[in-house]
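> Sharing a sequence plus its predicted fold:
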Amino acid sequence: MKYITTVNKKEFSIELLDDKQILVNGESFELDFQMLGSGGLVSLLLNQRSFEGAVDEHDEGWWQVLLRGEVYEATVQDERVYRLAKARGELAADTGEVMIKSPMPGVIVKTPVQVGDTVRQGQTVIILESMKMENELKATRDAVVLTVKVAAGQAVEKNEVLLVIGDADAG
Amino acid sequence: MKYITTVNKKEFSIELLDDKQILVNGESFELDFQMLGSGGLVSLLLNQRSFEGAVDEHDEGWWQVLLRGEVYEATVQDERVYRLAKARGELAADTGEVMIKSPMPGVIVKTPVQVGDTVRQGQTVIILESMKMENELKATRDAVVLTVKVAAGQAVEKNEVLLVIGDADAG
Amino acid sequence: MAENLLTQKFDKLLVANRGEIAVRIIRACHELGIRTVAVYSDADRNAPHVRYADEAYHIGPSPAAESYLRVDKLLEVAKKSGATAVHPGYGFLAERAHFAQACYDAGIVFVGPPPNAIDTMGNKQVARATAVAAGVPVVPGTEAGLSDDELLTAGEKIGFPLLVKAAAGGGGKGMRPVHKAEELAGAIAGARREALASFGDGTVYLEKLITHGRHIEIQVLADSFGNVIHLGERECSLQRRHQKLVEECPSPFADEDLRQRMGAVAVAAAKAVGYVSAGTVEFLVDQEKNFYFLEMNTRLQVEHPVTELVTGVDIVQEMLRIARGRKLRQTQADIKMEGWAIECRVNAEDPYQNYMPSTGKITTMRIPTGPGVRVDTGVFEGAVISPYYDSMISKLICYGNNRAEAILRMRRALSEYHILGVQTNIPFHESMMETHRFLSGYFDTQFVENEWSITEHAYDHEREAAIMATLVAYEQSLRSSQMVAPGARDTSNWKWLSRWERLKR
Amino acid sequence: MAENLLTQKFDKLLVANRGEIAVRIIRACHELGIRTVAVYSDADRNAPHVRYADEAYHIGPSPAAESYLRVDKLLEVAKKSGATAVHPGYGFLAERAHFAQACYDAGIVFVGPPPNAIDTMGNKQVARATAVAAGVPVVPGTEAGLSDDELLTAGEKIGFPLLVKAAAGGGGKGMRPVHKAEELAGAIAGARREALASFGDGTVYLEKLITHGRHIEIQVLADSFGNVIHLGERECSLQRRHQKLVEECPSPFADEDLRQRMGAVAVAAAKAVGYVSAGTVEFLVDQEKNFYFLEMNTRLQVEHPVTELVTGVDIVQEMLRIARGRKLRQTQADIKMEGWAIECRVNAEDPYQNYMPSTGKITTMRIPTGPGVRVDTGVFEGAVISPYYDSMISKLICYGNNRAEAILRMRRALSEYHILGVQTNIPFHESMMETHRFLSGYFDTQFVENEWSITEHAYDHEREAAIMATLVAYEQSLRSSQMVAPGARDTSNWKWLSRWERLKR
């Protein structure tokens, strides 16, 4: 099996030779990989170096790896799927619509942007009150506001889509 | 549902009225019972008194309850089953054969008793070496040795039956 | 004797709280042979405080307003259970004078200060006046209750930067820093809105903002015979939105002289309000080691453990002894500070997404152990973090013979601490423990918000992360596509098998 | 300089051990910035020491003889990994002079004493002679290697009660108490058999049995410059089959005078063998406070944490500093004992079935936390306790300002400690912490075996136990008979549902 895995925009070509050998960008490593229980905790011995991490799929094909105090965002794709996607220019990169979801139940305090507004990465697009604190939800990339699904004072559930941003031409 | 449960030779008639009410020997109690995870840890609120315990079935119908630092051996029987058993004098009490099993892998050091010997409760019937220590297995009740399945020097597995005791007429 | 405060022996105590602090109080009672009564909302039936207590009573739905804040239900449980004392912990009803009064009226020992002390210190303006009268230095500012226009004018006089603060506020709620005149109006509006939501009272006031100020507080202990001592200071400058994140004892900024000066003032403040029990006087300290009274927290403090480790005094046990009518066992001279302790507050929040609170079920939890490590927590594997309560789920406290040892131990402990299923700020702490400014001790209350970013750092293990994600994805694809040949299992070295087995069991 | 002992700076260390002590050593290295290399057998791939270390190497099958005792493999790993130091922990190769020598020959720092010190103290007879020469009092007895007949005659001379001991023995293996002459022959045979099985050497000798003797030991620290200090005593009289179960520091029996007399003798014994690193001199103390040299353990001791908590000295870190060639940081005058610490050894054994070792998978583990509680453990939820290694799986250590506080804390912590899936002796400890003889401090090395029984106690909660068993049985019958109506789930209050869901997930 061969995979193309992207971490922090860096691509790694990863080929599983057997359960003790792995090729990473053509370089061979000795490997011992163990999943500890069902909570996502894993133990990796890579050329005898020991790494303990937590792996969680927080969205289809999107993985989050907590390792030595840092969180890595990763996408894992079968090589063939990857080539096709690339050909069609549909990589799960910075294109397409992004849905800003409510990370938890709460009440909308303010929606500082309107449909059509251009927003820059990190710009606040929603103010949500939860746990008695005001939390600012920010745009995950430069884009245009395509939809605003909520209004101030509205109560929202966890993972409810609040706002959609994307490219001007899209949507 | 009504059960007859025996703990340390004391009998309790336990009737589940609903998930908040229970009758124990005719006395009614307010109840909130929770199983915490799959490890056997339970939380019982009985008339608001809080008890945390660990319940483990170590043999068909035989339960072990670890509660406030003490271990209780319990048998639980459906009332009808219990009456039938009693009628036939087949209670899971001090009758019938008892198999002395190896609690862990090890090597038999000595078998101080022979078939036909009368043994008293607590008398050593097997000496097993494991974890570099000699461990004495004792008769769980007064009985007669019916079978000795092992000999000194023999390696045994966990739960392997080493010796069977029972009543002279039985077996 | 303090007014409207009952102190007498009791053998059964009701814990009017939840989470880690309820567990902390139950443990102290257990160690003193006092029987405990827990209360719980719908969300907390399986919480540790319910399981560790001798008795537990359900008091209502999950929202605090319908359970943990219901004085009537709490007193009813006390009556029903025969509890003759109540410990409020922190938050909830801990600083509500009417609750202390209600306990007194019901003939129940309230483990805390007398109602009037809570009242006095609970109102920022009265507290300020009291402090001034007691000779305690305060920060220049306005009184409360001014109109927006009056506040705008007053703001100009005080000068910028300044702070907009809620009169009924606490813990940074309804608080706004303002750096330019034109920001003032918006800040006042925001503060009023948040104060209204949090305390049902939109009254705000202004206060000069001390730049590069440090938040240093003094722990005091007072018995019902008028004896008051202090247990030294705590450094609490590492905050975000005025929420403390890391606390230490002693403060790397304080010297013995500052400690004694602040301690004396704190004791004076406590005496000025006839204080009884454990309390904390918070100060803002500027670069020249001038200090200004901020507020007095008339309750047990979240960060009390760092003081316990350095002074050897079990603060919760002392509170219980004092409430039982005992004299303080220690004089000021008995209090010695030895070694260094640091506390990291573990919050269910995502440090990579603007510290957004995170909810969900804890799927895996591994607690750090070993020498010099203490964990105070109210959650467990399988616990569900709900949006109803505070996001602080655990406190990791490390002790060493000196600050360097404490920091190295904290790094070690953080690297062992796993909480999966919800996001936590453990990565924030791991990164903070590597930060030069923290290591050198040169930081102020603005440091976390304005001068520091967790995302600054080097991602040293992208390759290993990529491999982990890939192998888990591969394993998942195997399972989903049912490609698990029974034969393969025995030979395979990959432990997804055990997981597979577990799922089938 | 000690003979054949290399002491120099190192940055990477191989831990030649497993379980809790391997974790303990890795933590100390982590806190000193030393990189660590773990080794593991087939049974230990997922063990914490493998996951906490920077590197990990597989060294063979589960039996220790084929893995943790393989000097050749360990040195090969050290070479391969570039580790320039080795810490042996306790057990396995910790007291094997040939291993220390092999490290020296390979130019690797051995974190422990020089080979000849291990040799001298490792042979009971030579150790005894050395002690006598150093003016250390010893218990009357015979030399080793006598024939059975000679031993029988010698036994009569010494008088009864006496002990049959294996020359190569340790930890009570191959040891037998004899109270009547007619028991002697059988005891010699049994001791020889066990010694042969444990050490491949059936040589035994006799020693007078001091009745009502207490086992009290002195912790010593020695650097490579000839500086030797002691860290006070540990009370270790609570034993079963000469296996320690509970240890405390200080000893409730020792006064300052006895402490100093024993300390001075222990330091003399250490100096007599040119000792370096941490070591422990064990004494038998009679009712008149006479003490007799038993043996010197030339290694880190299982119970070292109680001394760490009371003296504030991190013994493992000090061992590493000493091995790096540093001078001791403390003089004898710097060592102050403050407060009280107690350790309970948690063994996988069944206190209700003659302490039979118990094996199996740990299904649930909840570790006690909070003030004054330290846990050193090498197991985790999901870990499999195998018959290959020692049954000691965890150490629970509690600290208080005095003995009473420490005991109350230990009771509290034990009540929180859950290890399910294997039997443990936690009930033994809970019961011991309630025993008057223990509380009063009046016990000796015979107490646990001859005068105490866990089954003596009152079963106060038979009704609650019956209810728990019944409800779990009921729940199980529901599940097995598929009586789970999907509708019922939401409404039902019984949490077997969550379990059910988990099984289905």
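Thanks, I have the structure now.

> what's the spatially most central residue of chain C sitting at in phi/psi?
The centroid of chain C falls nearest to residue C:302 when counting by C-alpha atoms, centre = their mean (3.2 Å). Backbone torsions for residue C:302, taken as degrees, to the nearest 10, come to phi -50, psi -40.

> The residue nearest to it when sequence neighbours are not counted: neighbour count?
For residue C:302, ignoring the flanking residues on the chain, the nearest one in space by C-beta to C-beta, 6 or more residues apart in numbering or on different chains is residue C:90 at 6.0 Å. All C-beta spots, glycine's among them, are computed from the backbone N, C-alpha and C. By other C-beta atoms under 10 Å in any protein chain shown, the residues close to residue C:90 number 17.

> So residue C:90 belongs to a strand, correct?
No: counting by DSSP: H, G, I helix; E, B strand; the rest coil, residue C:90 falls outside a strand, being coil.

> any weak-confidence spans in chain A?
In the predicted model, chain A carries pLDDT under 70 at residues A:88-96, A:131-132, A:169-171.

> Pull up the residues of it that are close to chain D.
Proximity of chain A to chain D, by C-beta under 8 Å from any C-beta of the partner chain, involves residues A:32, A:34, A:36-37, A:43, A:45, A:48-50, A:52.

> circling back to that earlier point, quick check: the residue nearest to the centre of chain C touching residue C:346?
No: the criterion here is C-beta atoms under 8 Å, and residue C:302 misses it with residue C:346 at 11.6 Å.

> Need the residues touching each of the two.
C:392, C:395 (C-beta atoms under 8 Å, 6 or more residues apart in numbering or on different chains).

> quick one, phi psi at the most centrally placed residue in chain A?
The residue lying closest to the centre of chain A (C-alpha atoms, centre = their mean) is residue A:62, at 5.0 Å. Dihedral pair for residue A:62: phi -100, psi 120, per degrees, to the nearest 10.

> pretty sure it contacts residue A:72?
No: Residue A:62 is beyond contact range of residue A:72, at 11.4 Å (criterion: C-beta under 8 Å).

> neighbours around residue 84, how many?
I'll assume chain A. Residue A:84, neighbours per other C-beta under 10 Å, totals 12.

> oops, chain C please
18.

> check contacts around the residue nearest to it when sequence neighbours are not counted.
Using C-beta to C-beta, 6+ apart and skipping the chain neighbours, the partner closest in space to residue C:84 is residue C:10 (4.3 Å). Each residue near residue C:10 by C-beta under 8 Å, 6+ apart is listed here: C:34, C:83-85, C:109, C:323-324.

> Next, give phi and psi for residue C:96.
Torsion angles at residue C:96 (phi, psi; degrees, to the nearest 10) stand at phi -110, psi 110.

> Hmm, residue C:118 and it touching each other?
Yes: between residue C:96 and residue C:118 a contact is recorded at 7.2 Å, counting by C-beta under 8 Å.

> Of these two, which one has the most company?
residue C:118 (26 against 17).

> Could you check how far residue A:142 is from residue A:98?
Using C-beta to C-beta, to the nearest Å, residue A:142 is found at 11 Å from residue A:98.

> before we move on, what about residue C:279?
Relative to residue A:98, and taking C-beta to C-beta, residue C:279 is found at 49 Å.

> Compare these two and say which is more crowded by neighbours.
Between residue C:279 and residue A:98, counting by other C-beta under 10 Å, residue C:279 is the more crowded of the two (29 against 16).

> residue contacts, the residue of chain A most remote from its centre?
Note on chain A: the largest C-alpha distance from the chain mean falls to residue A:48, namely 29.5 Å (C-alpha atoms, centre = their mean). Counting by C-beta under 8 Å, 6+ apart, residue A:48 touches A:30, D:55-57, D:80-81.

> so how many other residues sit close to the residue of chain A found nearest chain B?
In chain A, the residue that lies nearest chain B is residue A:38 (10.9 Å; C-beta to the nearest C-beta). The number of residues packed near residue A:38 is 17, by other C-beta under 10 Å.

> thought it was touching residue C:382?
No: the criterion here is C-beta under 8 Å, and residue A:38 misses it with residue C:382 at 12.0 Å.

> centre of the chain versus the helix or strand residue C:410 falls within, how much separation?
Assigned by DSSP states H and E, residue C:410 falls within helix C:403-416. Chain-centre distance of helix C:403-416: 20 Å, with C-alpha atoms, centre = their mean, to the nearest Å.

> And for stretch C:371-378?
Relative to its chain's centre, stretch C:371-378 lies at 15 Å (C-alpha atoms, centre = their mean).
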